[in-house]
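**Q** Build the 3D model from these lines:
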Amino acid sequence: MKLRMITGLLMLLVITGCNNQQATAKNSTKPVEKTEIKKSKPKSKTKPKVSSILDNLKSSPEKQLQYYALGDSLSVGLFSDSQATRFSTLFAKSLESKTGKPVIESNASSVGKTVTNFGVHHIQDVVAKQPDIITVEFGTNDAAYGVDPTNVNNFVTNLNTVIAQLKSQTKAQIILMTSWSSSNGKYIRNDQLYDQKIKEIGNKYQVPVVDLSTIWTNNPTVTKNDYGVSNVYNIQKDEFHPNQQGHQAIADLLIKTVEETKTN
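**A** Here you go, the predicted structure:
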């Protein structure tokens with residue numbers, strides 16, 4: 001009897017152990033649930049703010065702005081009604097109005113001069129003023145000297161020098177200007193070659209170029225004049241240089257350029 005009881009207990013223990021092993025085996029074969037890893041979305045890159053030349057002048061910490069005009073007879077002002085209404089001074093006044101800051105104009109320009117015999121020699125005069133904005137206006141007289149390789153190469157070399165040094169020695173916004181002519185001008189074909197060189201240099205240095213041919217081409221009203229002697233400049237007037245309407249158109253094109261040209 002006792003033997004039967006012991007044997008029964010042993011069998012019960014064996015069965016229980018087997019059941020536990022089976023349960024454990026079943027549990028161990030359950031598939032492991034995969035934890036889903038959420039991929040974080042890449043952060044969108046903030047686009048750099050693009051400002052215009054005018055925006056930069058407005059936001060400048062300077063309380064007043066320095067403007068330097070470097071050029072030939074156009075920048076001198078022939079034949080505006082007065083020096084106060086030449087394109088460079090009209091441009092300075094527009095800058096004052098649009099930036100809310102006083103604009104001090106300096107002007108190193110001379111009748112009949114070129115970038116080779118004048119502009120390149122006045123670089124340090126411009127640098128000394130440390131201007132905020134500069135207009136460089138050459139090509140009209142340069143083109144009149146001809147399109148032979150010597151003249152063209154001298155023009156390109158010296159205009160390159162002017163822009164490179166102004167870029168490296170000042171923090172100014174620089175604006176290049178193309179040549180001027182009357183609508184039936186004698187040197188228009190020469191002008192086109194020189195204007196192309198000016199635009200290439202502008203592209204090279206990322207400097208905006210104001211194309212004056214958009215004003216004078218097929219538009220004799222901007223050069224129409226009498227042939228009297230100018231009371232302002234004491235030179236006989238002609239129908240080549242811009243009259244007052246022409247100077248106003250140049251100033252308007254300049255202000256449009258600073259409003260629309262974007263910088264990084």
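**Q** contacts and neighbour counts: CA atoms only from here.
**A** Noted.
**Q** For S179, which residues are in contact?
**A** Contacts here follow C-alpha atoms under 8 Å, 6 or more residues apart in numbering; on that basis S179 touches 137-140, 191, 194-195, 211-213.
**Q** again, but for I188
**A** Contacts were defined as C-alpha under 8 Å, 6+ apart; by that measure I188 touches S181.
**Q** From S179, how far out is it?
**A** 9 Å (C-alpha to C-alpha, to the nearest Å).
**Q** Over to T116?
**A** 15 Å.
**Q** any low-confidence regions in the chain?
**A** In the predicted model, the chain carries pLDDT under 70 at residues 1-48, 264.
**Q** what ranges do the helices span in it?
**A** 2-28, 53-59, 73-76, 87-99, 123-129, 140-144, 149-169, 188-204, 213-216, 244-260 (DSSP state H).
**Q** who's in contact with the fifth one?
**A** So the one you mean is helix 123-129. Under C-alpha under 8 Å, 6+ apart, the answer for helix 123-129 is 66, 68, 162, 165-166, 169-170.
**Q** mind running it again at 10 Å?
**A** Helix 123-129 is contacted by residues 66-70, 106-108, 130, 134, 161-163, 165-172 when judged by C-alpha atoms under 10 Å, 6 or more residues apart in numbering.
**Q** Which of those are buried? Put it as a PyMOL command.
**A** To isolate the buried members of the contacts of helix 123-129 in PyMOL, using 16 or more other C-alpha atoms under 10 Å:
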select buried, resi 66+67+68+69+70+106+107+108+130+134+161+162+163+166+167+170+172
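**Q** Around N203, how many other residues sit close by?
**A** 12 (other C-alpha atoms under 10 Å).
**Q** thought it was touching I175?
**A** No. The pair N203 and I175 does not pass the contact test of C-alpha atoms under 10 Å, sitting 11.5 Å apart.
**Q** Next, show the common contact partners of the two.
**A** Here N203 and I175 have V209 as joint contacts, going by C-alpha under 10 Å, 6+ apart.
**Q** what are the phi and psi angles of the closest residue in space to S82 that isn't next to it in sequence?
**A** Residue nearest to S82 in three dimensions, not counting chain neighbours: V232, with 6.0 Å by C-alpha to C-alpha, 6 or more residues apart in numbering. Main-chain torsions, V232, degrees, to the nearest 10: phi -80, psi -40.
**Q** and V232, how far is that from Q130?
**A** Distance of V232 to Q130, given as C-alpha to C-alpha: 29 Å.
**Q** what about N243, distance to T221?
**A** Separation of N243 from T221 (C-alpha to C-alpha): 8 Å.
**Q** Kindly report the same for T170.
**A** Distance from T170 to T221, by C-alpha to C-alpha: 38 Å.
**Q** for G71, same thing?
**A** 23 Å.
**Q** Is K63 in contact with E96, as I believe?
**A** No. Taking contacts as C-alpha under 10 Å, K63 lies outside contact range of E96: 11.3 Å.
**Q** what do those two both touch?
**A** 102-103.
**Q** Compare those two and say which one has the larger neighbour count.
**A** E96 (17 against 11).
**Q** Report the contact partners of the more buried one.
**A** So E96 contacts 58, 64-65, 90, 102-104 (C-alpha under 10 Å, 6+ apart).
**Q** dump the residue contacts of V120.
**A** Contacts for V120 (C-alpha under 10 Å, 6+ apart) come out as 114, 155, 157-163, 165.
**Q** quick one: it from V207, how far?
**A** Separation of V120 from V207 (C-alpha to C-alpha) stands at 18 Å.
**Q** now do T140
**A** From T140 over to V207 the distance is 19 Å, taken as C-alpha to C-alpha.
**Q** My read is that N243 contacts W216, right?
**A** No. Counting by C-alpha under 10 Å, N243 stays clear of W216, with 11.1 Å between them.
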